[in-house]
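K.L.:
coords below, sequence missing:
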């Protein structure tokens, strides 16, 4: 007769050992192993995303609507003050759709980075007590940001449908391209900064300030044509501007959903030519994506070097 | 011998020359770091929490880690659990591991007890399906049915611990790490916990226990490792281990 204890012993004898030791500079293998480990925890990832979404507006009467009120207020402010008062909408057709498409994709990026950066520190209680692949925390922050993004995106698409401006063309393919780039770079920065933030808490405040600045470094409330005009005599400046992956992603997103940008429109008797989208835009997006994956790889390697001491530094 | 003896028990945990150094920095902000840049060594202290610790644990044993405060017990437990990486040496382990290090670590105060059961079981490695199966049994063990749909921030500390312990013992661990947590809850619940631990021993699970209670260690453990200043000074039977521990206090 074999007892339960003996059965367990026999099963354990078959299992391979997991080793934990001081992390060396493991290369591609380590990256793939981490991805595999995260994939095996995807149910947990799912629960953590739900937790993040549920707990954020728990006990508030309007709850989840708060996550919509913020971007809609932003839209209102930019529409009224920049669009109407400062007159930007005279040069940009369908200004509301233009601004909201930029705000939506930018909101995704800034939320991934802002919540990602503080994710490790704010989950310190768990990290100090239980072993989990720690990348799961910035990824859970990303997941909840994606959820908020999709809610906004549905509103954006709804608005274009109501206004009869939903673009039916191949340009729609720019939407997933822009989304993918924001996701890759957002996760890369989120993972990297979340690890650095453990050692230097100043990072999370620095990120807040940097995001404020970067918002104006992308064509969100002003149009790409405006940038082209402003840098007419120094075309190299445009190239520098486009090096920012998010500027490129914002442009791709606008090209996808903002139909009026690609047509000739007449506003108040002024004829506005279609946007001169950057040359080789497809190629640029492709390169940006590939470089982004490389950045993600490097960020994850740095993360895994730093995570060994998380439990004692938090 | 409190646990059942298994012939040819396989090794489940093997620590080889494990050392862990803590660097204690005295400054933390950017300003302080820049001001003290280059002189930073003056603002650092090295501290070896573990020094060259090696041992093996066979499946089915209950092992007590004891030592004075600050001797490295909890650090060792965390290194064994993979929560912190050693600076030197390696830890090998196999089988499902559950840690009872400060119960309820994974609880989110704003979620209900039910939601936390699912979250915490998932953190400890159960699938959703398995949690569904165990759910009633978890709630029954914790004896807090009436409050399972209340947010856990309204729980008393006793209720908190009951629920957390109930989850931890239901995840079917092969190795259970226990850090000073059995002294919680009221007497009947403590008794229930001890019974559960004995049941675990009968089922051939490996238990690694950190405790200051000599009587608890003596009654539960079949082996004791005594730590002092990060090194193992004794490794052997429970009674002799307690004696060695007492002796180490005198030095």
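P.N.:
That came through fine. Just so it is clear, the structure is predicted and the values come from calculations on it, not from any experiment.
K.L.:
next SSE after the host helix or strand of residue A:151?
P.N.:
Using DSSP states H and E, residue A:151 maps to helix A:136-162. Next in sequence after helix A:136-162, counting helices and strands by DSSP H and E, comes helix A:174-199.
K.L.:
elements contacting that next one?
P.N.:
In terms of contacts (3 or more CB pairs under 8 Å, 6 or more residues apart in numbering or on different chains; DSSP states H and E), helix A:174-199 is packed against helix A:95-122, helix A:136-162, helix A:202-215, helix A:245-257, helix A:281-306, helix A:310-313. For the C-beta atoms, the positions are set from N, CA and C on the backbone; glycine is no exception.
K.L.:
now those helices in a markdown table, with distance to chain B?
P.N.:
Listed next are these as a markdown table, based on distance: least, CB to the nearest CB, whole Å:
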| stretch | distance to chain B |
| --- | --- |
| helix A:95-122 | 11 |
| helix A:136-162 | 10 |
| helix A:202-215 | 5 |
| helix A:245-257 | 26 |
| helix A:281-306 | 10 |
| helix A:310-313 | 5 |
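K.L.:
which stretch among those helices comes nearest residue B:226?
P.N.:
The closest of the helices and strands packed on helix A:174-199 to residue B:226 is helix A:310-313. By CB to CB, the value is 23.4 Å.
K.L.:
okay, buried residues for that closest one please.
P.N.:
A:310, A:311, A:312, A:313 (16 or more other CB atoms under 10 Å in any protein chain shown).
K.L.:
just say helix, strand or coil for the residue of chain A found nearest chain B.
P.N.:
Nearest to chain B, among the residues of chain A, is residue A:5, at 2.6 Å (CB to the nearest CB). For residue A:5, the assignment made with DSSP: H, G, I helix; E, B strand; the rest coil gives helix.
K.L.:
in CSV: the helices and strands packed on helix A:174-199, plus mean pLDDT.
P.N.:
Listed next are the helices and strands packed on helix A:174-199 as CSV, based on pLDDT from 0 to 100:
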stretch, mean pLDDT
helix A:95-122, 94
helix A:136-162, 94
helix A:202-215, 94
helix A:245-257, 95
helix A:281-306, 94
helix A:310-313, 82
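K.L.:
any idea which of those helices is most buried?
P.N.:
Ranked by mean neighbour count under mean count of other CB atoms under 10 Å in any protein chain shown, these are led by helix A:245-257, which reaches a mean of 26.
K.L.:
could you say what helices and strands it packs with?
P.N.:
Short answer (3+ CB pairs under 8 Å, 6+ apart): helix A:245-257 packs on helix A:95-122, helix A:136-162, helix A:174-199, helix A:281-306.
K.L.:
any chance of those helices in CSV, plus distance to residue A:14?
P.N.:
Rendered in CSV, the data for these read as follows (distance: least, CB to CB, whole Å):
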stretch, distance to residue A:14
helix A:95-122, 35
helix A:136-162, 28
helix A:174-199, 35
helix A:281-306, 28
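K.L.:
out of those helices, which is closest to residue B:71?
P.N.:
helix A:174-199 (26.6 Å).
K.L.:
that closest one versus helix A:136-162: what angle between them?
P.N.:
On the basis of axes from the mean of the first three to the mean of the last three CA atoms, to 10 degrees, helix A:174-199 is oriented at 150 degrees to helix A:136-162.
K.L.:
what residue in the stretch 101-250 of chain B comes nearest to chain A?
P.N.:
Counting by CB to the nearest CB, the stretch 101-250 of chain B gets nearest chain A through residue B:204, at 2.6 Å.
K.L.:
contacting residues around the closest residue to that residue other than its chain neighbours?
P.N.:
Sequence neighbours aside, residue A:5 is the residue nearest to residue B:204 in space, at 2.6 Å (criterion: CB to CB, 6 or more residues apart in numbering or on different chains). With contact taken as CB atoms under 8 Å, 6 or more residues apart in numbering or on different chains, residue A:5 is in contact with B:4, B:6, B:60, B:202, B:203, B:204.
K.L.:
so how many other residues sit close to the residue lying closest to the fifth one once chain neighbours are set aside?
P.N.:
When the adjacent residues along the chain are set aside, residue B:203 lies closest to residue A:4, with 5.1 Å between them (CB to CB, 6+ apart). The burial metric for residue A:4, expressed as a neighbour count using other CB atoms under 10 Å in any protein chain shown, is 12.
K.L.:
help me confirm that residue A:4 comes into contact with residue B:205.
P.N.:
No - shown here, residue A:4 and residue B:205 do not form a contact pair, counting by CB atoms under 8 Å, at 9.7 Å.
K.L.:
which neighbours do the two share?
P.N.:
With CB under 8 Å, 6+ apart, residue A:4 and residue B:205 have no common neighbours.
K.L.:
got TSV for the helices and strands packed on helix A:174-199, with distance to residue B:231 too?
P.N.:
Below are these laid out as TSV (distance: least, CB to CB, whole Å):
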stretch	distance to residue B:231
helix A:95-122	32
helix A:136-162	35
helix A:202-215	37
helix A:245-257	51
helix A:281-306	28
helix A:310-313	19
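K.L.:
quick one: which of those is nearest residue B:168?
P.N.:
Short answer: helix A:310-313, nearest of these by CB to CB, at 18.8 Å.
K.L.:
mind giving me the packing neighbours of the closest one?
P.N.:
Judged by 3+ CB pairs under 8 Å, 6+ apart, helix A:310-313 is in contact with helix A:174-199.
K.L.:
which parts of the stretch 151-251 of chain B sit against chain A?
P.N.:
Those residues of the stretch 151-251 of chain B that sit near chain A, judged by CB under 8 Å from any CB of the partner chain, are B:151, B:174, B:202, B:203, B:204, B:205.
K.L.:
the first one: what's it in contact with?
P.N.:
To tie it back to what came earlier, the one meant is residue B:151. Going by CB under 8 Å, 6+ apart, residue B:151 touches A:58, B:109, B:110, B:111, B:112.
K.L.:
tell me which element the first one falls in.
P.N.:
To tie it back to what came earlier, the one meant is residue A:58. Counting by DSSP H and E, residue A:58 is part of no helix or strand.
K.L.:
which residues sit in contact with it?
P.N.:
B:110, B:111, B:151.
K.L.:
ok, it to residue B:115 distance?
P.N.:
11 Å (CB to CB, to the nearest Å).
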